[in-house]
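**Q** Sequence first, predicted model second:
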There are 2 protein chains.
Amino acid sequence: MSYISYMIDDNAPSSPLSRKAAPPTDFGFRPLYRQVKEEFVRRMVDGRWATGTALPSEQGLAAELGVSQGTVRKALDELAAENVVVRRQGRGTYVAEHDEARILFQFFRLVPDDGIARFPDSEVLSQGVHAARKDERAALALPPGAKVARIRRVRSLARSPVILETLSLPDRLFPGLTQSLAPNSLYAHYASHYGVTIAHTTERLKAVTLAGEDAARLDRPAGHPALRVERLATALDGRAVEWRVSLCLTDTAHYLVNDAPKGPHKAA
Amino acid sequence: MSYISYMIDDNAPSSPLSRKAAPPTDFGFRPLYRQVKEEFVRRMVDGRWATGTALPSEQGLAAELGVSQGTVRKALDELAAENVVVRRQGRGTYVAEHDEARILFQFFRLVPDDGIARFPDSEVLSQGVHAARKDERAALALPPGAKVARIRRVRSLARSPVILETLSLPDRLFPGLTQSLAPNSLYAHYASHYGVTIAHTTERLKAVTLAGEDAARLDRPAGHPALRVERLATALDGRAVEWRVSLCLTDTAHYLVNDAPKGPHKAA
DNA sequence: TCCGGAATGTCTTATATAAGTTATATGATA
DNA sequence: TATCATATAACTTATATAAGACATTCCGGA
């Protein structure tokens, strides 16, 4: 007896959702709504649902998959909570786009002290494809001998350099990335040109002091404090796809962390 | 016509949930499940539901409030997503406890580079009640003339000082806090002795260099880099209740930020 | 001590209805 | 006839409820 009984309902025409013959131990079982969710993620990963497109209606998806609208809805609930899709009552559900505003709020946490978030300008210092270094292979889980696209750039707010960063990406996933000038908003570029959607990031922060070339690039004296941010970005399917080490000046800006602002706060 | 029609159902005996007479504009309307959620928050704020206690069952709450189990469940869903309650299938739903492990993972983001999170020891340098400074009044939204409890302490990992921090709290909310030695795990103490549950924190980070007494306290030379973390902690009802400025050494540890790992990731 | 089963809790699914959006049709007016 | 404002129809997502499946605990009996 299991939820799967719903899936082999007679009026469900050969549903793509299935489950291998249940082993004695019920390990690996997932509820129906989560199977539906995984099917949706698959469609986004393989490009059937590109970013920005409108999904079929909940009723339509329910009919197609042979489940109820509430089940489709619960799957979409989780995807919406993860900012993978966006819903608007009366209009429809859309695959989230990595537009400038979204990246600014979701992935960019360095904000000016006055509180007004702005997207920094970007100047590429160098870019090219190289053999992956040991640290890059470790971070991106690459095999020995793999190549990476490497980009080094300075980002400025109000014409003043604020961030000096180096990005490394698996060349296999992003062929030709460094041929042209890297656009300002990279995550939108990954999605539109390579079908890679960044879903999750992890950042590790340390305080350091600037030295040598880094200090000169950021127009600060040696010994000046800076925030070193090491970011690992993960795609929808869970693969690590971008490794980024940034040196950030925090003289007139700060790094902002909010813990769990999910539902609207300020209850009662 | 509105959801409230469910609330004045005949078999619902004088529900505590209500809504002022609807003005022509339907502004201020809240769905039923959100009213239920706010009622639950009220019960936690005023102490009827203390931390660690088990809630009545979803069915029981539904019957008491005159709504369906699914509505109670949706309210609890949001509270569980905010880590305000904890649910265990087959056992029940509990008001979240600020035990050491939870604080370690939810509010303490400074982890050793080897990845093994540990709770740091704490040594109080000074504590007492003082007139609130201007910055403290601004952070905690206190009126002029208000008093604050102020605690200054050093925290150590493996007998080595790592964090030097100053805490400020409204004296009105925490009378007598500085009379006794501040316990290591403060948030649990706030809940058990003062009925104040920390629900949310905001942190602002800057990189600085140590100087003078701070450097000496942390056993580092002047000019050594450190992470300055300014934290504002907010209670269940939305009031700011603790302001904390910490200087953290990041020589062998780092500050960890994960963006949105809500539902189980790694789909597909 | 071990095991079966009832009791009681959450979890999942399904269905009905409300509320919001947009496109279409309608009708008055210039 | 062309245009514009206004109903109205057809979608959409949002909310509420009910019923049954699954998980855990506890107690009685062997």
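**A** Yep, it's here.

**Q** use CA for all of it now, contacts and neighbours both
**A** Noted.

**Q** could you check the angle strand B:198-209 makes with the helix or strand encompassing residue A:201?
**A** Under the criterion of DSSP states H and E, residue A:201 resides in strand A:198-209. Angle, strand A:198-209 to strand B:198-209, by axes from the mean of the first three to the mean of the last three Cα atoms, to 10 degrees: 40 degrees.

**Q** For residue A:126, give its distance to residue A:150.
**A** 8 Å (Cα to Cα, to the nearest Å).

**Q** Settle it for me: which of the two has more neighbours?
**A** residue A:150 (23 against 12; other Cα atoms under 10 Å in any protein chain shown).

**Q** Pull the number of nearby residues for whichever residue of the stretch 1-150 of chain A sits closest to chain B.
**A** Of all residues in the stretch 1-150 of chain A, residue A:38 sits closest to chain B, at 5.3 Å by Cα to the nearest Cα. The tally of other residues near residue A:38 (other Cα under 10 Å) stands at 19.

**Q** follow-up on the earlier one: for the following helix or strand past the strand holding residue A:201, which positions count as buried?
**A** Downstream of strand A:198-209, the first helix or strand assigned by DSSP H and E is helix A:212-217. Within helix A:212-217, the residues scored as buried using 16 or more other Cα atoms under 10 Å in any protein chain shown are A:214-215.

**Q** just the helices in the stretch 1-150 of chain A please.
**A** A:32-45, A:58-65, A:69-81, A:100-106, A:134-140 (DSSP state H, counting those that start in this stretch).

**Q** The longest one near DNA strand D at all?
**A** No - Helix A:32-45 stays out of contact with DNA strand D when judged by Cα under 7 Å from any atom of the strand, the minimum separation being 10.7 Å.

**Q** Residue A:31 versus the residue of the stretch 1-150 of chain A closest to chain B, what's the distance?
**A** 11 Å.

**Q** Check residue A:258 and give its pLDDT.
**A** Looking at residue A:258, its pLDDT reads 88.

**Q** Get me the contact residues on chain A for DNA strand C.
**A** A:3, A:6, A:31-34, A:67-71, A:89-91.

**Q** got the residues you listed as TSV, with neighbour count columns?
**A** Below are these laid out as TSV (neighbours: other Cα atoms under 10 Å in any protein chain shown):
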residue	neighbour count
A:3	11
A:6	13
A:31	12
A:32	21
A:33	19
A:34	19
A:67	20
A:68	16
A:69	15
A:70	13
A:71	19
A:89	6
A:90	6
A:91	9
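
**Q** Nearest residue to residue A:163 in space, ignoring adjacent ones along the chain?
**A** Excluding the flanking residues, the one nearest residue A:163 by Cα to Cα, 6 or more residues apart in numbering or on different chains is residue A:248, at 4.5 Å.

**Q** follow-up on the earlier one: got any residues that touch both of residue A:38 and residue A:31?
**A** With contacts defined as Cα atoms under 8 Å, 6 or more residues apart in numbering or on different chains, no residue is shared by residue A:38 and residue A:31.

**Q** Residue A:190 should be in a helix, yeah?
**A** Yes - Residue A:190 sits within a helix when classified using DSSP: H, G, I helix; E, B strand; the rest coil.

**Q** Now do residue A:58 against residue A:183, distance only.
**A** Taking Cα to Cα, one finds residue A:58 at 35 Å from residue A:183.

**Q** between those two, who's got more neighbours?
**A** With neighbours defined as other Cα under 10 Å, residue A:58 and residue A:183 compare such that residue A:58 has more, 18 against 12.

**Q** Contacts only, for the closest residue to the more buried one other than its chain neighbours.
**A** The shortest distance from residue A:58 to any non-neighbouring residue, by Cα to Cα, 6+ apart, is to residue A:69 (5.7 Å). Shown in contact with residue A:69 (Cα under 8 Å, 6+ apart): A:58-59, A:61-62.
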